[in-house]
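1. I'll drop the sequence and a predicted model, then ask my questions.
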There are 2 protein chains.
Amino acid sequence: MTIFDEATAVTRRGEGTYDARPDPRFAMVAPGGTAPPAVNGGVLIATVLRAVLDSSAHPHPVATSATFLRVARLEPAEVQVTWLKHGKTASTAHATLVQEGEPVLDVTVTTGTVPAGPEAAAAAGPARAADPARPLRSEDLHWTDAPPPFPPIEECVDLGVWPGAVAQGGAAGFAAQIQVLFDPATTGWRRREPSGLPEMRGYFRLREEREADAYLLALAVDGLPPVAFGLGATGWAPTVQLTWHMRGVPSAGPQRVAARSRHVGGGWFDEQAEVWDAADRLVAQSTQLARVGRGPVHGPADGGRPG
Amino acid sequence: MTIFDEATAVTRRGEGTYDARPDPRFAMVAPGGTAPPAVNGGVLIATVLRAVLDSSAHPHPVATSATFLRVARLEPAEVQVTWLKHGKTASTAHATLVQEGEPVLDVTVTTGTVPAGPEAAAAAGPARAADPARPLRSEDLHWTDAPPPFPPIEECVDLGVWPGAVAQGGAAGFAAQIQVLFDPATTGWRRREPSGLPEMRGYFRLREEREADAYLLALAVDGLPPVAFGLGATGWAPTVQLTWHMRGVPSAGPQRVAARSRHVGGGWFDEQAEVWDAADRLVAQSTQLARVGRGPVHGPADGGRPG
């Protein structure tokens, strides 16, 4: 059993009730270390998804919408699952991660089935029938827009541990569990030379050997540093709401994650991410709304060292 | 009081409980008329938001995530609101629209404050401080990507009533309440000449005189025909999950709505929409996952009349 599987494990205690335990191996602290250690949000979402899928008639978390209410502590937690609808194509559950009687993470999950094979591999171009011999039906349409630009993996860089991805006292935490090989065009913020564009792109994988699946996609969609760093923003950028869609079962190998923002303002920023697998299939999409961290803006003008 | 305000009205019955009534003036029927009449999803979300904002300490629905569970009937409904967190910057409520004891629409709403004025009007370009005299802080950053391309409103076309936007018996319904002036590049599907791109763009407004606000944005983000029509898809395309973010208080005048998909496959499609106001500010963003309708694909090859 891998560390990731241990960290997201749930144990069924009764009807719709599961025990979980946020894992220090995926902990993160705010830069400056003033806040108590938190656990990476994607790991918490994956934990909730395990509880939901345990009693789901459908195999995949097709649409997951999560609202982060409180910082999860390194203490026992409970996941409460209530099914709102059981359908032939899709079913929906409402689930809450609770600690000390208070909701920490509120999640609504619709489960269904997404393509596992090349059906999802259609390149951008005209829609076409899966079987050319029969007329195309609307429900058989498949079409995919162009993937985001990615340099070859050999040209990408490992930034190691970035602010916000370490555990208390600078110990490894989240950053030691995952590896992101970044598109160099999105790494200037690390040298206090932000690109001026709120974008992050990187090849994402666990450092341990493990197949990609829905749980890993839940981690990948929010696994890169906040895109606001590309504008020179610093500080903890807490996610308020994250919605992600699973569009295909990912193939083995590193997943390409591309995230960007459309608008930063009023102290809020959106972050929209896509995950493409090694077979060039769009396997996950996400959108989140987060708060811009409080702190100075780092840019070439401030002459400081990378923080 | 406008028809839209009447259709989305709620009456407080008790602590966290509101009466509502889905309004036939916003009804829609599936093409073919086989299913019972439904009420437009955006109108239902606006109804739920009214109940949530009635007891919110913050003025704006910053992040709304809605899962459609059942078809809403033209019968009395109840909205149940439970607050999960009251925070200084943001508060979160879980709300459910219930009919005959069953959940119809499951919604999580985070309320907060978004800019009402020109703060949100930053054009694409380097981030800058609101007050140039003091150092830029991360929380003051504002940045906006380029708006989607839109032709002048004079070049846009009113398609009148489109399939799925009429009420039972072909009566007006939803389509009679709103006016969309479409970018002609996204209207070929109406002549069975779909563009081959899953896109819709149009200037959106109510036919009655009414200020734009959060409730109208809830309508606008899902107010255009399904983008899958641009690939020739036909039939009812039910939204499973819709998340939208309010980014600014909209100015008066028609709102520009641009929607597109990144991937259609496995019977699912995503639809990502943006709403830009007349002052060129990005005021709302949404993403939804929907089922592709069941039905033939309409294209130039089938030689049929517009359906």
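-> It's in. Numbers count the residues shown, from 1 in each chain, chains lettered A, B, ... in the order given.

2. how about low-confidence regions in the stretch 1-150 of chain A?
-> Along the stretch 1-150 of chain A, the model assigns pLDDT under 70 to residues A:30-36, A:118-134.

3. Would you map the strands across it?
-> Assigned by DSSP state E, counting those that start in this stretch, the strands in the stretch 1-150 of chain A fall at A:11-14, A:17-20, A:27-28, A:38-39, A:60-68, A:77-86, A:91-99, A:102-112, A:143-144.

4. Quick check: which of those is buried the most?
-> Greatest average neighbour count among the strands of the stretch 1-150 of chain A goes to strand A:60-68 (a mean of 27), per mean count of other Cβ atoms under 10 Å in any protein chain shown. Heads up, the C-betas are built off the backbone N, CA and C, glycines and all.

5. how about the strands in the stretch 151-300 of chain A?
-> Under DSSP E, counting those that start in this stretch, the stretch 151-300 of chain A gives strands at A:157-158, A:178-182, A:199-206, A:239-246, A:255-260, A:263-265, A:268-276, A:282-291.

6. Ok, which of those comes nearest residue B:88?
-> With Cβ to Cβ, the closest approach to residue B:88 among the strands of the stretch 151-300 of chain A belongs to strand A:282-291: 11.5 Å.

7. how much does that closest one deviate in direction from strand B:60-68?
-> If you take axes from the mean of the first three to the mean of the last three Cα atoms, to 10 degrees, strand A:282-291 sits at 150 degrees to strand B:60-68.

8. Please compute how far strand A:282-291 lies from its chain's middle.
-> Between the centre of strand A:282-291 and the centre of its chain there are 7 Å (Cα atoms, centre = their mean, to the nearest Å).

9. same deal with stretch A:274-294?
-> Centroid separation for stretch A:274-294 versus its chain: 6 Å, with Cα atoms, centre = their mean.

10. Quick check: end-to-end length of it?
-> 27 Å (Cα to Cα, to the nearest Å).

11. Rounded mean pLDDT for it, please.
-> Per-residue pLDDT over stretch A:274-294 has a mean of 96.

12. hmm, that stretch in reach of chain B?
-> Yes: judged by Cβ under 8 Å from any Cβ of the partner chain, stretch A:274-294 and chain B are in contact via A:274, A:282, A:285, A:287, A:289, A:291, A:292, A:293, A:294.

13. Can you tell me how far the fourth one is from residue B:58?
-> Between residue A:287 and residue B:58 the distance is 21 Å, computed by Cβ to Cβ, to the nearest Å.

14. which residues touch residue A:109?
-> A:48, A:49, A:52, A:61, A:63, A:64, A:65, A:92, A:93, A:95 (Cβ atoms under 8 Å, 6 or more residues apart in numbering or on different chains).

15. Alpha carbons only: can I get stretch A:1-12 in PDB?
-> Output in PDB follows, covering the C-alpha atoms of stretch A:1-12 (Å, rounded to 0.1, in the frame of the first residue of the first chain):
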ATOM      1  CA  MET A   1       0.000   0.000   0.000                       C
ATOM      2  CA  THR A   2       1.400   3.400  -1.000                       C
ATOM      3  CA  ILE A   3       1.700   6.400   1.300                       C
ATOM      4  CA  PHE A   4      -1.000   8.200  -0.800                       C
ATOM      5  CA  ASP A   5      -3.400   5.300  -0.400                       C
ATOM      6  CA  GLU A   6      -2.700   5.200   3.400                       C
ATOM      7  CA  ALA A   7      -3.200   9.000   3.700                       C
ATOM      8  CA  THR A   8      -6.600   8.900   1.900                       C
ATOM      9  CA  ALA A   9      -7.900   5.700   3.400                       C
ATOM     10  CA  VAL A  10     -11.300   5.500   5.100                       C
ATOM     11  CA  THR A  11     -12.800   2.900   7.300                       C
ATOM     12  CA  ARG A  12     -16.500   2.200   7.300                       C
END
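
16. Could I get the buried residue list for it?
-> A:3, A:4, A:7, A:8, A:10 (16 or more other Cβ atoms under 10 Å in any protein chain shown).

17. Can you redo the contacts of residue A:109 as JSON lines, where the extra columns are distance to chain B?
-> JSON lines is the format used below for the contacts of residue A:109 (distance: Cβ to the nearest Cβ, whole Å):
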{"residue": "A:48", "distance to chain B": "13"}
{"residue": "A:49", "distance to chain B": "15"}
{"residue": "A:52", "distance to chain B": "13"}
{"residue": "A:61", "distance to chain B": "11"}
{"residue": "A:63", "distance to chain B": "4"}
{"residue": "A:64", "distance to chain B": "9"}
{"residue": "A:65", "distance to chain B": "4"}
{"residue": "A:92", "distance to chain B": "5"}
{"residue": "A:93", "distance to chain B": "10"}
{"residue": "A:95", "distance to chain B": "11"}
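
18. re the thing from before, from the buried residues of stretch A:1-12, pick the one nearest chain B.
-> Of all the buried residues of stretch A:1-12, chain B sits closest to residue A:10, with 20.8 Å by Cβ to the nearest Cβ.

19. Just give me the closest of the contacts of residue A:109 to residue B:39.
-> Nearest to residue B:39 among the contacts of residue A:109 is residue A:92, at 19.0 Å by Cβ to Cβ.

20. Show me the beta-bridge partners of the closest one.
-> Per DSSP bridges, the residues bridged to residue A:92 are residue A:85, residue A:110.

21. isn't it right next to residue A:82, touching?
-> No: using Cβ atoms under 8 Å, residue A:92 is not in contact with residue A:82; the gap is 9.8 Å.

22. Now find how far off-centre stretch A:286-302 is within its chain.
-> With Cα atoms, centre = their mean, you get 18 Å for stretch A:286-302.

23. mind giving me a markdown table with the strands of the stretch 151-300 of chain A and columns for distance to residue A:233 and mean neighbour count?
-> A markdown table is the format used below for the strands of the stretch 151-300 of chain A (distance: least, Cβ to Cβ, whole Å; neighbours: other Cβ atoms under 10 Å in any protein chain shown):
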| stretch | distance to residue A:233 | mean neighbour count |
| --- | --- | --- |
| strand A:157-158 | 21 | 12 |
| strand A:178-182 | 17 | 21 |
| strand A:199-206 | 12 | 23 |
| strand A:239-246 | 14 | 26 |
| strand A:255-260 | 14 | 24 |
| strand A:263-265 | 8 | 26 |
| strand A:268-276 | 8 | 24 |
| strand A:282-291 | 10 | 25 |
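
24. can you tell me which of these comes nearest to residue A:44?
-> Of these, nearest to residue A:44 by Cβ to Cβ is strand A:239-246, at 10.4 Å.

25. Within its sheet, name the partner strands of that closest one and how each one runs.
-> Strand A:239-246 is paired, per DSSP bridges, with strand A:60-68 (antiparallel), strand A:282-291 (antiparallel).

26. Counting by contacts, list what the longest helix along chain A packs against.
-> When chain A is parsed with DSSP state H, its longest helix is helix A:41-54. Applying 3 or more Cβ pairs under 8 Å, 6 or more residues apart in numbering or on different chains; DSSP states H and E, we find helix A:41-54 packed against helix A:3-7, strand A:17-20, strand A:60-68, strand A:77-86, strand A:91-99, strand A:102-112, helix A:214-220, strand A:239-246.
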